[in-house]
Structures are given as structure tokens and as C-alpha cells.
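>>> Predicted model and sequence below, questions to follow.
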Amino acid sequence: MSFICKRRSIRKYQEKEVEQEKVLELLKAAMCAPSAWNQQPWHFIVIRDRIKKQQIAEVHPYAKMVAQAPVCIIVCCDLSLVKSEKFWPQDCSAATENILIRATELGLGSVWCGVYPDEERINGLKKLFSLPKNIIPFSVIAIGYPAEEPKPVEKFKPERIHYEGW
């Protein structure tokens with residue numbers, strides 16, 4: 001629970017590489033996410049190249065911090081693995097959230113930059129990375145050692161809890 005509550009969107013990073021072992025830990029966490037019908041429709045693109053990260057920042061208007069992050073991960077859906085078209089966005093959301101929480105646990109900072117369902121962002125990333133037709137980019141996650149430490153915010157609102165009905 002402490003890592004869930006401590007997790008914050010980090011948009012500034014130290015100039016320090018993220019170890020490959022930690023990137024693999026993030027990807028393992030992503031692949032532990034729940035998935036409707038156990039379809040596990042995800043693929044992940046790991047980007048370290050500065051030029052490619054800058055290009056992502058140019059394609060996605062709210063992902064400028066990716067250019068300064070040591071690494072980013074693009075969570076994608078492979079439509080050829082989808083058994084239920086209604087639920088793959090939930091599967092990819094769960095994988096994305098697992099990355100964010102595990103990053104916090106590993107002492108890393110991260111931020112989720114939404115791609116799906118914005119057609120312009122989807123098409124921009126598909127073109128930038130020459131993605132096959134069946135691959136849909138879902139999210140971009142900037143990751144690095146934090147150069148900022150936003151304070152945790154209390155988000156629990158008991159007035160939004162209902163029992164046995166509204």
C-alpha cells in the first residue's frame with residue numbers, strides 16, 4: 001500500500017541511466033497484470049535512444065518529459081492476440097499501472113502519457129516506429145531516477161463510497 005500511495009507522476013529526471021535489470025523488473029511487473037480472458041495482448045517497446053525519445057515528444061504534445069527521461073516504455077496492444085475487443089484497453093491499463101507502481105518500489109520516477117484512443121497520437125507513434133497494422137500503441141511511460149519529489153496527496157474520499165446501492 002505504501003508504494004501505491006507514494007506513486008506520483010514524475011516529469012523531471014536525473015541524468016543517470018536506468019539499469020537494464022530494473023527495466024526488466026518493470027516489464028515483469030507489467031506482464032503480471034490481470035487480463036480479460038487471460039489474453040495478455042501486450043507488447044512493450046523500450047526506448048533509450050535520445051533522438052527517438054525526442055521524436056516521441058514531438059508526436060505527443062503532453063509527453064515532452066520523455067525527451068529528458070533516460071528510458072521510456074511504450075505499452076502496445078497486439079490485436080492478433082485479442083480474444084475480446086472490448087477489454088484490451090483495460091488489460092493495457094493494468095500493465096501500465098503495474099509498471100508505475102513497480103518503478104516507485106525500485107526508486108524510480110515515472111509518468112503515464114496516454115496515447116489510446118487519440119488517433120493522432122496512435123498514428124504518429126505507429127509511423128514513427130513502423131508498427132505493424134495489428135499493433136496499437138496504448139501508452140508511453142517516461143522512466144528515470146527522479147529529480148523532483150512531489151509530496152503525496154490524500155486522495156481517499158469516503159463520501160464517494162456507497163454500500164449495497166447508491
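All right, it came through fine.
>>> pLDDT value on Leu79, please?
Looking at Leu79, its pLDDT reads 98.
>>> now do Ala94
98.
>>> That one: what's it in contact with?
Ala94 makes contact with Ala33, Pro34, Ser35, according to C-beta atoms under 8 Å, 6 or more residues apart in numbering. Yep, even glycine has a C-beta here, placed from its N, CA and C like the rest.
>>> would you put the C-alpha positions of the strand of greatest length in the chain in PDB?
Of all the segments of type strand in the chain, defined by DSSP state E, the longest one is strand 135-144. What follows is strand 135-144, C-alpha atoms only, in PDB (Å, rounded to 0.1, in the frame of the first residue of the first chain):
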ATOM      1  CA  ILE A 135      -0.100  -3.200 -33.200                       C
ATOM      2  CA  ILE A 136      -1.800  -0.300 -31.400                       C
ATOM      3  CA  PRO A 137       0.300   2.000 -29.100                       C
ATOM      4  CA  PHE A 138      -1.600   2.400 -25.900                       C
ATOM      5  CA  SER A 139       0.600   4.400 -23.500                       C
ATOM      6  CA  VAL A 140       4.100   6.000 -23.200                       C
ATOM      7  CA  ILE A 141       5.800   5.800 -19.800                       C
ATOM      8  CA  ALA A 142       8.700   8.000 -19.100                       C
ATOM      9  CA  ILE A 143      11.100   6.500 -16.500                       C
ATOM     10  CA  GLY A 144      14.200   7.600 -14.700                       C
END
